[in-house]
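1. here's my sequence, what's the structure:
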Amino acid sequence: MYESFFKLTGRPFENFGDDSYYPSESHQTAMLKMRYAIENRRSAIAVCGDSGIGKSMLIRLLASQLPEAIAPLVTVVFPKLPGDQLLGYVTDKITRQCGPPDEPDRLTLHRLESFLDENVAADRHALVVVDEAHLLDSHEQLETLRLLLNLATGGGHAESALTLLLVGQSILLTQIEQNASLDERVSEKCLLRRFTPDQTASYVQHRLQQVGRQMPDVFTTAAVDRLHSRSLGIPRRINRLADLALMVAYADDAVRVTEDHIEGVHRELATTP
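-> Model prediction:
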């Protein structure tokens, strides 16, 4: 609606495609660490950060950049399952075959081990992404992950047969450190940090460039400063505030978004149930 008014080719703060990715220092560092660990067939990596910090986009971008030999790539989206069900679920995802109901753990492990042996023989390396991994808060669930890693590094393999990529909120780092046997297998721990004020300004500029404009033409400096303070430097919050502020500025027939527009939107969101 506001796109033509501000001469934009699209909505700059939509959570769309990978070309909207802004390479902050911590995001770039995490990307390099993940690629290094996966391509060198390490056992496990952890990527953590606040909700809305950009973990999902980073993982999508990572997946698009990995070589074909990294296969299969599967995502676990129900990590809260009991340990035995989690093992079966992961095995079904990796092998792309559903095991029989009430399959004993030893048969599930045998099925997974056979698949990994064939995968390694074909010079492939499996990647298992566990989303919302901070929800794995029971000893049984964490032990299931440790069991998977034990299996992946056994069988006479010179390298791990799979990499476990644990993605979650910052508390995940503490949970890993409290499980010594799992902790020692996590070769890289990446913490995605909130944007600094300068990074927020660069992010806004980056997103506007994607739709054909420059930041000073659309947002005042004071507006960007207020956008940072009210969003706490979290990209998803920046996107929401900026998108709504553009709508309000358009309704006001304002040439640019001001700090008052940002503040007004913030207050409205803060009072919305």
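2. contacts, neighbours, all on C-alpha from now
-> Will do.
3. helices and strands of this structure: which one bottoms out on pLDDT?
-> The weakest-scoring helix or strand in the chain, judged by mean pLDDT, DSSP states H and E, is helix 139-153 (a mean of 87).
4. what angle do the helix or strand just after it and helix 139-153 make?
-> Downstream of helix 139-153, the next assigned helix or strand under DSSP states H and E is strand 162-168. Angle, strand 162-168 to helix 139-153, by axes from the mean of the first three to the mean of the last three Cα atoms, to 10 degrees: 150 degrees.
5. next helix or strand past strand 162-168?
-> Downstream of strand 162-168, the first helix or strand assigned by DSSP H and E is helix 171-177.
6. my guess is L241 contacts V265. True?
-> Yes: using Cα atoms under 8 Å, L241 is in contact with V265, at 6.6 Å.
7. between the two, which is the more surrounded one?
-> For L241 versus V265, neighbours defined as other Cα atoms under 10 Å are more numerous around L241 (23 against 20).
8. buried stuff in the host helix or strand of that one?
-> According to DSSP H and E, L241 maps onto helix 235-251. Buried residues in helix 235-251, defined by neighbour count with 16 or more other Cα atoms under 10 Å: 235-250.
9. kindly report the same for stretch 116-126.
-> Across stretch 116-126, burial judged by 16+ other Cα under 10 Å covers L116, D117, N119, V120, R124, H125, A126.
10. for the last one, give me its contacts.
-> To tie it back to what came earlier, the one meant is A126. Taking Cα atoms under 8 Å, 6 or more residues apart in numbering as the criterion, A126 is in contact with I70, A71, P72, L73, I94, L116, N119, A161, L162, T163.
11. the first one: neighbouring residues, count only.
-> Counted with other Cα under 10 Å, the burial measure for I70 works out to 18 neighbours.
12. residue contacts, it?
-> I38, E39, R124, H125, A126, L127.
13. mind checking how far the residue lying closest to S20 once chain neighbours are set aside is from D225?
-> Nearest non-adjacent residue to S20, counting by Cα to Cα, 6 or more residues apart in numbering: R207, 6.3 Å away. Separation of R207 from D225 (Cα to Cα, to the nearest Å): 16 Å.
14. what domains does the record give for this structure?
-> 25-191, 195-271 (automatic domain parsing).
15. picking up where we left off before, the residue nearest to S20 belongs to a helix?
-> Yes: per DSSP: H, G, I helix; E, B strand; the rest coil, R207 lies within a helix segment.
16. residues making contact with the one helix or strand M34 maps to?
-> Per DSSP H and E, M34 falls inside helix 25-39. By Cα under 8 Å, 6+ apart, the residues outside helix 25-39 that reach it are 44-45, 47, 58, 62, 66, 70, 127, 163, 187-188, 190-193.
17. that helix: how far from the chain's middle?
-> 12 Å (Cα atoms, centre = their mean, to the nearest Å).
18. average pLDDT for that helix?
-> Mean pLDDT, computed over helix 25-39, is 96.
19. S20 versus H261, what's the distance?
-> Taking Cα to Cα as the measure, H261 falls 24 Å from S20.
20. and these two? Which one has more around it.
-> Using other Cα under 10 Å, the more surrounded residue of H261 and S20 is H261, with 23 against 19.
21. who touches the nearest residue to that one once chain neighbours are set aside in this structure?
-> Nearest residue to H261 in three dimensions, chain neighbours excluded: A245, at 5.5 Å (Cα to Cα, 6+ apart). By Cα under 8 Å, 6+ apart, A245 lies in contact with V257, H261, I262, V265.
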